[in-house]
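Colleague: I need the structure of the sequence given here:
(one chain, ligands or ions: 1)
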Amino acid sequence: MIQVSGLQKSFTLHNQGGVSFEVLKGVDLQVDSGECVVLHGQSGAGKSTFLKALYANYSVNEGQIVLRDGDELVDITSAQPRRIIALREQTLGYVSQFLRVIPRVSTVDVVMQPLLDLGVDKGICEEKAKTLLSRLNVPERLWQLAPSTFSGGEQQRVNIARGFIVDYPILLLDEPTASLDAKNRKVVVELIHEAKARGAAIVGIFHDEDVREAVADRLVDIRAV
Ligand SMILES: Nc1ncnc2c1ncn2[C@@H]1O[C@H](COP(=O)(O)OP(=O)(O)OP(=O)(O)O)[C@@H](O)[C@H]1O
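Modeller: Take a look at the predicted model:
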């Protein structure tokens with residue numbers, strides 16, 4: 001599902017004297033369907049940078065990132081923006097620890113939007129959104145409110161529900177459990193197991209050792225790959 005080869009990424013700080021430094025130095029990685037690879041390595045090693053490159057948020061200097069989209073293979077380092085947007089709609093999911101809050105849009109609408117965008121019936125989307133919110137222990141009294149006033153952990157759980165509403169074949173998880181308690185971390189672990197069971201290829205960063213151990217098929221040190 002994911003084939004990364006020779007990935008090299010440098011940052012150049014144009015507003016700080018043009019200082020340039022290399023973060024990813026020739027990374028190779030393959031992730032198969034139903035597999036969860038967890039990135040580790042010390043703080044600043046380049047884990048988030050790698051994940052953002054996989055989501056095509058960052059361009060890279062060298063190398064290829066080939067993703068399977070149905071019968072097609074797409075190298076996202078050279079794909080057109082329109083192709084990347086289409087890939088993100090149905091194939092490539094990304095869950096960070098932060099919810100991008102949209103003012104005045106209710107929680108249930110925020111969660112179901114990605115599924116609605118795929119043309120799925122609104123009733124089905126709403127039902128799935130509510131099931132996820134309920135599993136993630138977001139109180140029902142909050143479902144019709146906009147999440148802008150929610151606590152950090154509540155916003156994070158809304159974001160997870162939104163990230164799991166579509167059955168993406170490829171899922172990128174950037175510390176989705178960062179401010180969750182043990183009970184909700186367990187729910188996220190269950191969601192990841194379910195995604196693996198339906199064949200999703202997952203790449204994640206988790207600072208909690210318990211989550212890492214529960215979900216990882218392989219640990220990959222980003223400096224050593
Ligand atoms: N947009 C950016 N511009 C310039 N430098 C950046 C940018 N993003 C990351 N870096 C630098 O690249 C290096 C890797 O950062 P990254 O966030 O990928 O590390 P990480 O392994 O995810 O760290 P942590 O575990 O602390 O979150 C760091 O030295 C960071 O300062």
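Colleague: what are the ranges of the helices in this structure?
Modeller: Ranges of helices within the chain are 47-54, 81-90, 107-116, 122-135, 152-164, 182-197, 209-215, based on DSSP state H.
Colleague: With distance to Ala146 as new columns, can those be given to me in CSV?
Modeller: Backbone N, C-alpha and C define where each C-beta goes, glycine included. What follows is the helices of the chain, written out as CSV (distance: least, Cβ to Cβ, whole Å):
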stretch, distance to Ala146
helix 47-54, 27
helix 81-90, 23
helix 107-116, 7
helix 122-135, 14
helix 152-164, 10
helix 182-197, 21
helix 209-215, 29
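Colleague: now for those, which one comes closest to Glu175?
Modeller: helix 47-54 (8.3 Å; Cβ to Cβ).
Colleague: Would you check how far apart Val101 and the ligand are?
Modeller: When Cβ to the nearest ligand atom, to the nearest Å is the yardstick, Val101 and the ligand sit 22 Å from each other.
Colleague: Tell me the spatial nearest neighbour of that residue, not counting adjacent residues.
Modeller: Setting aside the residues directly before and after it, Val101 is nearest to Ser148 in space (Cβ to Cβ, 6 or more residues apart in numbering), at 4.7 Å.
Colleague: And for the one you found, the neighbour number?
Modeller: Ser148 sits with 12 neighbouring residues when counted by other Cβ atoms under 10 Å.
Colleague: same check, this time on Ser10
Modeller: As a burial measure, Ser10 scores 13 neighbours (other Cβ under 10 Å).
Colleague: wait, isn't it in contact with Phe21?
Modeller: Yes: counting by Cβ atoms under 8 Å, Ser10 does reach Phe21; the two are 6.3 Å apart.
Colleague: so can I have a markdown table of the helices of the chain showing mean neighbour count?
Modeller: Written out in a markdown table, the entries for the helices of the chain read as follows (neighbours: other Cβ atoms under 10 Å):
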| stretch | mean neighbour count |
| --- | --- |
| helix 47-54 | 22 |
| helix 81-90 | 14 |
| helix 107-116 | 21 |
| helix 122-135 | 16 |
| helix 152-164 | 23 |
| helix 182-197 | 17 |
| helix 209-215 | 16 |
